[in-house]
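Student: Mind looking at a prediction? Sequence and model below.
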Amino acid sequence: MYPRPTPGSTFVRDTAKGYTASRALDTLPQTVASPGEALFTITGGRVLVTRLVGEVTTTAIEGTNPVLSVTSAPTVGTAVVLASTVDASSLEIGGFLSVEGDGSALVKSNAGAVLATAVPTAFIVPVGSIGLISGANKTGAMKWDLTYFPLDEGAAVVGTTV
Amino acid sequence: MTTNESRDALTTERLGFHVARATSAFPTTGVTTSYFLVTGGRVEVTLLIGEVTTALQNADPGISITSRATTGSAVVLNSTADVSSLEIGAFIRVNGAGSALILSNAGASLSTTVGASGFVVPVGNIACIATTTRTGSVKWDLFYIPLDEGATVTAA
């Protein structure tokens, strides 16, 4: 009997969800209007985003009204809200903010899980940036991860420098 | 898995083969124009999207997208939407649910509740129907997975 080859976790993730772009831990933007503080930059063409999740890290979000939303700002044309405002106050370390990409509010959850949603994340963004908009000056720090498939040859996403 | 050489492989794994149709104006009033030809068998369309390359005229250029089987009745993939004044870079998404075409500005084409699983079309063509003659230009991209051996899609 030969052992059955086991694909590595990176291979499985890549084939199921696409490439991963990560943005390092950073403090929340302080009252930044649309199109927000850029989290990711898209270059070379359009991409299909299959997951976009932020995780609270090292510093819990302050306990009063740090409203947050996420927007796609194209290099040419009008920005589109990917996830509208949610009150993320008091989100614990390890807590999540998930973007469904249907324009509805950011989905907030504690550290235990990002629950399944009715709308599978599958939105298309063009060359430009994805930004985090903040309606207040509050403490808190998050890291963000995005998975995607390129739709145009050479299209790629990178996390912006913190 | 992070090299350029593997990019198309991963996208193909998820979305299937890619067919691009060059940008063109919409058909004139009442005319149905084939955009994609399906031959050799059925395919599952995983993504069908138009992108505006020349802004659309600002008066009632209604369009719809239909699958016309070589044998049998046509089925409306997405019914008429008023695409007037769509800006350059704007998206027209066909989710195959039979409801109106999904329009968005250039920033993004949003996730949809229906249509994420794709839709199946037989041998025939996917066509655009216009209710009026208007200026503007749109390029289209279709991704598909063959369901029958030898099934392919080409741009018309």
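Tutor: Here it is on my side, so go on.

Student: Just give me the neighbour total for the residue of chain B found nearest chain A.
Tutor: Taking Cβ to the nearest Cβ as the measure, chain B has B:Ala106 as its residue closest to chain A, at 2.5 Å. All C-beta atoms are positioned from the backbone trio N, CA, C, and that covers glycine. Counted with other Cβ atoms under 10 Å in any protein chain shown, residues neighbouring B:Ala106 total 26.

Student: now B:Ser104, nearest residue through space, not along the chain?
Tutor: B:Phe91 (4.9 Å; Cβ to Cβ, 6 or more residues apart in numbering or on different chains).

Student: moving C-terminal of the lengthiest strand in chain B, what's the next helix or strand?
Tutor: Longest strand in chain B by number of residues, with DSSP state E as the criterion: strand B:43-54. Per DSSP states H and E, the first helix or strand lying C-terminal to strand B:43-54 is strand B:62-69.

Student: Specify the angle between the longest strand of chain B and strand B:62-69 in degrees.
Tutor: Orientation check (axes from the mean of the first three to the mean of the last three Cα atoms, to 10 degrees): strand B:43-54 against strand B:62-69 gives 150 degrees.

Student: now strand B:43-54: mean pLDDT?
Tutor: Strand B:43-54 carries an average pLDDT of 94.

Student: For chain B, what's its nearest residue on chain A.
Tutor: Closest to chain B within chain A is A:Gly77: 2.5 Å, counting by Cβ to the nearest Cβ.

Student: helix/strand/coil for A:Ala16?
Tutor: Classification of A:Ala16 by DSSP: H, G, I helix; E, B strand; the rest coil places it in helix.

Student: Can you report how many residues lie near it?
Tutor: Residues near A:Ala16, counting by other Cβ under 10 Å: 13.

Student: How about the contacts made by it?
Tutor: The contact partners of A:Ala16, by Cβ atoms under 8 Å, 6 or more residues apart in numbering or on different chains, come to B:Arg14.

Student: separation between it and A:Thr147?
Tutor: Computed with Cβ to Cβ, to the nearest Å, the distance linking A:Ala16 and A:Thr147 is 9 Å.

Student: who's in contact with A:Phe96?
Tutor: Contacts of A:Phe96 by Cβ under 8 Å, 6+ apart are A:Val53, A:Gly54, A:Glu55, A:Val56, A:Val107, A:Lys108, A:Ser109, A:Asn110, A:Ala111, A:Ala113, A:Val114.

Student: just the buried members of these?
Tutor: A:Val53, A:Gly54, A:Glu55, A:Val56, A:Val107, A:Lys108, A:Val114 (16 or more other Cβ atoms under 10 Å in any protein chain shown).

Student: Tabulate the residues you listed (TSV), appending distance to chain B.
Tutor: Shown next, in TSV, are those (distance: Cβ to the nearest Cβ, whole Å):
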residue	distance to chain B
A:Val53	14
A:Gly54	17
A:Glu55	20
A:Val56	23
A:Val107	12
A:Lys108	18
A:Val114	15
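
Student: Make CSV out of those and add secondary structure.
Tutor: Shown next, in CSV, are these (three-state DSSP):
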residue, secondary structure
A:Val53, strand
A:Gly54, strand
A:Glu55, strand
A:Val56, strand
A:Val107, strand
A:Lys108, strand
A:Val114, coil
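
Student: Tell me which two in those are the farthest apart.
Tutor: Farthest apart among those by Cβ to Cβ are A:Val56 and A:Val107. That separation is 13.8 Å.

Student: which residues do those two both contact?
Tutor: Contacts common to A:Val56 and A:Val107, judged by Cβ under 8 Å, 6+ apart, are A:Phe96, A:Leu97.

Student: show me where pLDDT drops low in chain B?
Tutor: B:1-7, B:115-116 (pLDDT under 70).

Student: just chain A next, same as before
Tutor: Applying pLDDT under 70 to chain A flags the ranges A:1-13.

Student: Chain B contacts on that one?
Tutor: Residues of chain A found near chain B (Cβ under 8 Å from any Cβ of the partner chain) are A:10-11, A:14-16, A:18-19, A:46, A:48, A:50, A:71-74, A:76-80, A:82, A:100-103, A:118-126, A:128, A:149-151, A:153-155.
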